[in-house]
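> Sequence first, then the predicted structure:
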Amino acid sequence: MRVFWIAALAVLVAGGAWWVLNRPGTGISPEGDQALAAVTMPATLSAEARAGQKAFARNCASCHGADAEGKSGVAPPLIHKIYEPGHHSDVAFVMAATSGVRAHHWTFGDMAPVPELTDAELAHIIRFVREVQVANGIM
């Protein structure tokens, strides 16, 4: 009988969590193609970040938006507290780009690897994202 109540409680908790995370009008909705974050671009970027901005435009912007603001229905914003270095280090960005990443914070699905990026381009992209994060109070 005790096992029944534990199983019933587990089902209720899981169902409640699913409902909270998936009910309409809450969180970030993966529908449409709108920006998910208001991003303020820095007045200036370092040379490395400018190179990263160009590489980001070629390799990342189609999903994450030109300024890493994310696109509803496509990919999350990288200018978000979740991606601050204390939670997602630069190594996490490298791993995502080189190996792909399973969806874990958002409901957009898994990210495929981007094998055509060179190590230098990837370092520049990370620098670009980090400088834009700083301009938006993240870091």
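In hand now; what should we look at?

> residue ranges with poor pLDDT in the chain?
Low-confidence segments of the chain, defined by pLDDT under 70: 7-33.

> one more time with 90, if that's ok
Along the chain, segments meeting pLDDT under 90 span 1-40, 70-76, 78-90, 92-93, 96, 101-111, 138-139.

> just checking, residue 110 touches residue 101?
Yes. Using Cβ atoms under 8 Å, residue 110 makes contact with residue 101 at a distance of 6.7 Å. For the C-beta atoms, the positions are set from N, CA and C on the backbone; glycine is no exception.

> So which of these two has more stuff around it?
residue 101 (17 against 9; other Cβ atoms under 10 Å).

> nearest residue to the more buried one other than its sequence neighbours?
residue 111 (4.8 Å; Cβ to Cβ, 6 or more residues apart in numbering).

> for that neighbour, what are its contacts?
63, 75, 96, 100-101, 103 (Cβ atoms under 8 Å, 6 or more residues apart in numbering).

> likewise residue 87?
residue 81.

> what helix or strand is it on?
Secondary structure from DSSP states H and E places residue 87 outside every helix and strand.

> Same question for residue 106.
Counting by DSSP H and E, residue 106 is found in no helix or strand.

> how many neighbours does it have?
17.

> That one reaches residue 76, doesn't it?
Yes. Using Cβ under 8 Å, residue 106 makes contact with residue 76 at a distance of 4.5 Å.

> All good on my end, thank you.
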